[in-house]
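1. Using only what follows, build the 3D model:
(2 chains)
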Number of protein chains: 2
Amino acid sequence: MKVGYLGPRGTFSHQAAEIYAKGQVAELIPYNTITELILTLNAKDIDEAVVPIENSIEGAVNTTLDMLAWDVDLYIIREVIIPIEQNLMVRHKHKNISRIISHPQAIGQCREFLKKHFPDIPIQYTYSTAQAAAQVASSDEDWAAVASRKAAEEYGLKILYPSIQDNNTNVTRFIVLSHEFGEKAGKSKTSIIFSTENKPGSLYRILQILNLWDINMTRIESRPAKDCLGRYIFFVDIEGHWQDADVRDALTMIKRKTSFFKMLGSYPVEQKE
Amino acid sequence: MKVGYLGPRGTFSHQAAEIYAKGQVAELIPYNTITELILTLNAKDIDEAVVPIENSIEGAVNTTLDMLAWDVDLYIIREVIIPIEQNLMVRHKHKNISRIISHPQAIGQCREFLKKHFPDIPIQYTYSTAQAAAQVASSDEDWAAVASRKAAEEYGLKILYPSIQDNNTNVTRFIVLSHEFGEKAGKSKTSIIFSTENKPGSLYRILQILNLWDINMTRIESRPAKDCLGRYIFFVDIEGHWQDADVRDALTMIKRKTSFFKMLGSYPVEQKE
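-> Modelled structure (predicted):
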């Protein structure tokens, strides 16, 4: 089985993929971007993909949400939640840092630390935290990367400041995507995407349906519908499995009352650590 | 009057600030980051600030939302909506492009174009579209920037591909922030931020309040509450002015039913173009 993840080696996605694949016979394959990874899965060149969808500080991963809504037809079969620890790493200690590089989400997660300790150092964005570490390792400049401990090991960098994220409850939720629905196992949740009709109270009426069937919504995320300002699509997670009678009936009603509806599947609830 | 905007000269924020300040005696001052701009306003070193809050394709500007929620007490007194046209610009035409640089939101707005025409060219992120243009202008490398026509003029670049955004309904909403509530004038909308209690159906009960008073919600945006995954704060815009009896009563009730509530003020509804 081929499982893709957001590479290069040493990313948090890599860590999530290893946790997911433990005990399975799987080849883990890195991809440079979320777009490339999801399109490769959609073309059936790999069997599954592990992608980040949400961080507890920075919020939704927009590329993942938008691609699931508009570009592909894939299903969520598992979620993997891992604690995120960011570290500031360099090639040589005791040198001045001339630039700090990392993925925009990692920079966002360490905003307070960077503002306090390095207010005047320019920041440059990279595609991933591991790419930032690789770039620092291969550069002659006195740059520093914000990345995982695994990335420091992978690229031989020294950690100058460990655990610099603003918030110690920093976790990222990854999802495992597949071509087919997953199997039902234990306590489940179900993810859907919908767009409401452009009328007053239309989101309210959808939430009313969930309330009517006593279904708990564990997450709601809005994204612009892209065709005009003020129109949104919603990414909603609810408790229960799509095969449960109540969930099935509520989803049937939601489908009827929305202008766009997409079912992303049901999967076991991961316990937060 | 001193009005800050997200600089350097030639940004869309600059354009929005000029539209806002037209007919007023105002000194427009550029700031390098949204964080710096909002904190400067909060310290009362300037009188007002023009910041982006939402783009019709890329969605919310997270830094603006998070700072309004957590870091400052400021009010929205106006909104300015401007159409966004992105252009690919270079120093010399007829050269190979070795790198494309711009702000992550601008890159996101041109994702389809870049994927089609420059699938293999590395992308590097900058703090603003205008900074990207300035960097291309001052570099010896064969780089290209994604930025506004105004930025091309400002930094003497040549437009290789005009209007490359994926969607022609691409507009960005800017808000004007101040220390005090604005004056009531014409048709208004009101912006609030709240966090629901961590109980099933709590968002539903807030929307029920708006429904009860027949108040139309024109926008809802969720952001992580940062303390744990699965807790959210909501940014909601409603029609009406906080001095209107119904809006006042509904907001009083919402305040009572939420664990965190912040009023961002009322301001005239800008007509979309």
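
2. List the beta-bridge partners for the residue in the stretch 101-250 of chain A that chain B sits nearest to.
-> Nearest residue of the stretch 101-250 of chain A to chain B (C-beta to the nearest C-beta) works out as A:Y125 at 3.2 Å. All C-beta atoms are positioned from the backbone trio N, CA, C, and that covers glycine. Legend: beta-bridge partners of A:Y125 under DSSP bridges are A:S102, B:Y125.

3. residues touching it, list them.
-> A:I101, A:S102, A:H103, A:P104, A:I107, B:P104, B:Q124, B:Y125, B:T126 (C-beta atoms under 8 Å, 6 or more residues apart in numbering or on different chains).

4. Look up how far B:N32 lies from the closest residue to the fifth one other than its chain neighbours.
-> It stands for A:I107. Computed as C-beta to C-beta, 6 or more residues apart in numbering or on different chains, the closest residue to A:I107 that is not its neighbour in sequence is A:I123, at 5.9 Å. Between A:I123 and B:N32 the distance is 11 Å, computed by C-beta to C-beta, to the nearest Å.

5. Check A:H14 too.
-> Per C-beta to C-beta, A:H14 is found 34 Å from B:N32.

6. ok, these two, which is more surrounded?
-> A:H14 (23 against 14; other C-beta atoms under 10 Å in any protein chain shown).

7. now the host helix or strand of the more buried one: how far from the chain's centre is it?
-> Assigned by DSSP states H and E, A:H14 belongs to helix A:12-21. How far helix A:12-21 lies from its chain's middle: 12 Å, per C-alpha atoms, centre = their mean, to the nearest Å.

8. tell me which residues of the helix or strand just after that helix are tucked away?
-> Note on helix A:12-21: by DSSP H and E, the next helix or strand toward the C-terminus is strand A:27-31. By 16 or more other C-beta atoms under 10 Å in any protein chain shown, the buried positions in strand A:27-31 come out as A:L28, A:I29, A:P30, A:Y31.

9. Same question for stretch A:190-199.
-> A:T190, A:S191, A:I192, A:I193, A:F194, A:S195, A:T196.

10. in stretch A:124-131, what's buried?
-> A:Q124, A:Y125, A:T126, A:Y127, A:S128, A:T129, A:A130, A:Q131.

11. Then stretch A:138-152?
-> Neighbour-count burial for stretch A:138-152 [16+ other C-beta under 10 Å]: A:W143, A:A144, A:A145, A:V146, A:A147, A:S148, A:R149, A:K150, A:A151, A:A152.

12. is it possible to export those to CSV including distance to chain B and pLDDT?
-> Below are the buried residues of stretch A:138-152 laid out as CSV (distance: C-beta to the nearest C-beta, whole Å; pLDDT from 0 to 100):
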residue, distance to chain B, pLDDT
A:W143, 14, 96
A:A144, 17, 97
A:A145, 15, 97
A:V146, 14, 96
A:A147, 16, 95
A:S148, 18, 92
A:R149, 21, 91
A:K150, 21, 88
A:A151, 19, 93
A:A152, 22, 95
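
13. Work out for me the element A:V80 sits within.
-> strand A:75-83.

14. An error on my part: the question was meant for A:A250.
-> Using DSSP H and E, A:A250 sits within helix A:245-257.

15. Could you list the residues in contact with whatever helix or strand comes next after that helix?
-> Tracing the chain past helix A:245-257, the next element assigned as helix or strand by DSSP H and E is strand A:258-268. With contacts defined as C-beta under 8 Å, 6+ apart, strand A:258-268 is touched by A:68-69, A:74-79, A:175-176, A:181-182, A:184-198, A:206, A:233, A:240-243, A:247, A:251, A:254-255.

16. let's go with 7 Å and repeat that
-> With contact meaning C-beta atoms under 7 Å, 6 or more residues apart in numbering or on different chains, strand A:258-268 is reached by A:68-69, A:75-79, A:181-182, A:184-197, A:206, A:233, A:241-242, A:251, A:254-255.
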